[in-house]
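A.B. asks: Predicted model, plus sequence, below.
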Amino acid sequence: VRSEKEAVQQPADTPAPSVSMDTSPSVPDVSAGTLQLKKVDEKTAAMIMAIVSHESNIPLSELRFKSIRLMEENN
C-alpha cells in the first residue's frame, strides 16, 4: 500500500500539465458616456440594446448608443 504522499507525487520524467487561465474580463467595466432616454424606461432601453446587439452580431460592449427614444405613430 502506497502512502498518500507517494500517490500524489508524479514521476520525475513526467512534466506537470500546463493550465492556461484567461484572466481578462469577459465584459469590460467601461462606459462610453451617457445615454439619453426619451420617453423610454431603462428596462425597455436595455431590451432594445440587447436586440440590436443580437441582430447585428456585434457584442454589446462594442456598440455605442447616444439616445433611445419612443417613436409615436401619427394616425
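C.D. replies: Structure's in. What do you need? None of the values given here were measured: they were computed from a predicted structure.

A.B. asks: who's in contact with the longest helix seen in the chain?
C.D. replies: Counting residues, the longest helix found in the chain (DSSP state H) is helix 42-56. Residues outside helix 42-56 that contact it (Cβ atoms under 8 Å, 6 or more residues apart in numbering) are Leu35, Leu37, Val40, Ile58, Pro59, Leu60, Leu63, Phe65, Ile68. All C-beta atoms are positioned from the backbone trio N, CA, C, and that covers glycine.

A.B. asks: Please save the CA atoms from it in PDB.
C.D. replies: The C-alpha atoms that make up helix 42-56 are tabulated as PDB, following Å, rounded to 0.1, in the frame of the first residue of the first chain:
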ATOM      1  CA  GLU A  42     -34.500  51.700 -18.500                       C
ATOM      2  CA  LYS A  43     -35.800  48.200 -18.900                       C
ATOM      3  CA  THR A  44     -37.100  48.800 -22.400                       C
ATOM      4  CA  ALA A  45     -33.900  50.500 -23.400                       C
ATOM      5  CA  ALA A  46     -31.900  47.600 -22.100                       C
ATOM      6  CA  MET A  47     -34.000  45.200 -24.200                       C
ATOM      7  CA  ILE A  48     -33.600  47.300 -27.300                       C
ATOM      8  CA  MET A  49     -29.900  47.400 -26.900                       C
ATOM      9  CA  ALA A  50     -29.800  43.600 -26.400                       C
ATOM     10  CA  ILE A  51     -31.800  43.100 -29.500                       C
ATOM     11  CA  VAL A  52     -29.600  45.400 -31.600                       C
ATOM     12  CA  SER A  53     -26.500  43.600 -30.300                       C
ATOM     13  CA  HIS A  54     -28.000  40.100 -31.100                       C
ATOM     14  CA  GLU A  55     -29.400  41.000 -34.600                       C
ATOM     15  CA  SER A  56     -26.200  42.800 -35.700                       C
END
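
A.B. asks: got the buried residues for the next helix or strand after it?
C.D. replies: Proceeding N to C from helix 42-56, the next assigned helix or strand is strand 67-69, under DSSP states H and E. Using 16 or more other Cβ atoms under 10 Å as the test for burial, strand 67-69 gives Ile68.
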